[in-house]
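> Using only what follows, build the 3D model:
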Amino acid sequence: MTSTTDKIRGSANEAIGRLRRRIGKATGSPAMQGRGAIQEAKGKGQKALGGAKRIVENALKRATSAAHWPR
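Residues are numbered from 1 along each chain as shown. Prediction:
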């Protein structure tokens, strides 16, 4: 997956997890709250992975363009 895809999926998982957690709290379901918290954490991790991929992609682009710089 690309960095953008990871960030988008992460945002979706984070939002769905937050919603599940709130539904679990409203209905008094600790299991639903737990599943929501796990999904929310997964989304935050995916977003962080997307950010890390973006940093690596940019570093590789700079390194390859510097290596091909005419002298």
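> how about the longest helix seen in the chain: buried residues?
The helix that spans the most residues within the chain, counting by DSSP state H, is helix 30-67. Across helix 30-67, burial judged by 16 or more other C-beta atoms under 10 Å covers 32-33, 36, 39-40, 42-43, 46-47, 49-50, 53. Where you see a C-beta, it was placed from the backbone N, CA and C, and this is true even at glycine.
> The spatially most central residue of the chain and residue 27: what is the separation?
A centroid search over the chain (C-alpha atoms, centre = their mean) returns residue 47, at 1.9 Å, as the residue closest to the centre. Remark: distance between residue 47 and residue 27 (C-beta to C-beta, to the nearest Å) = 28 Å.
> sorry, back to before: neighbours of the nearest residue to the residue nearest to the centre of the chain once chain neighbours are set aside, how many?
Distance criterion C-beta to C-beta, 6 or more residues apart in numbering; nearest residue to residue 47, sequence neighbours excluded, is residue 10 at 3.5 Å. For residue 10, the count of nearby residues is 20 (other C-beta atoms under 10 Å).
> is it true that residue 10 touches residue 53?
No - using C-beta atoms under 8 Å, residue 10 makes no contact with residue 53, being 11.3 Å away.
> how many neighbours does residue 2 have?
11.
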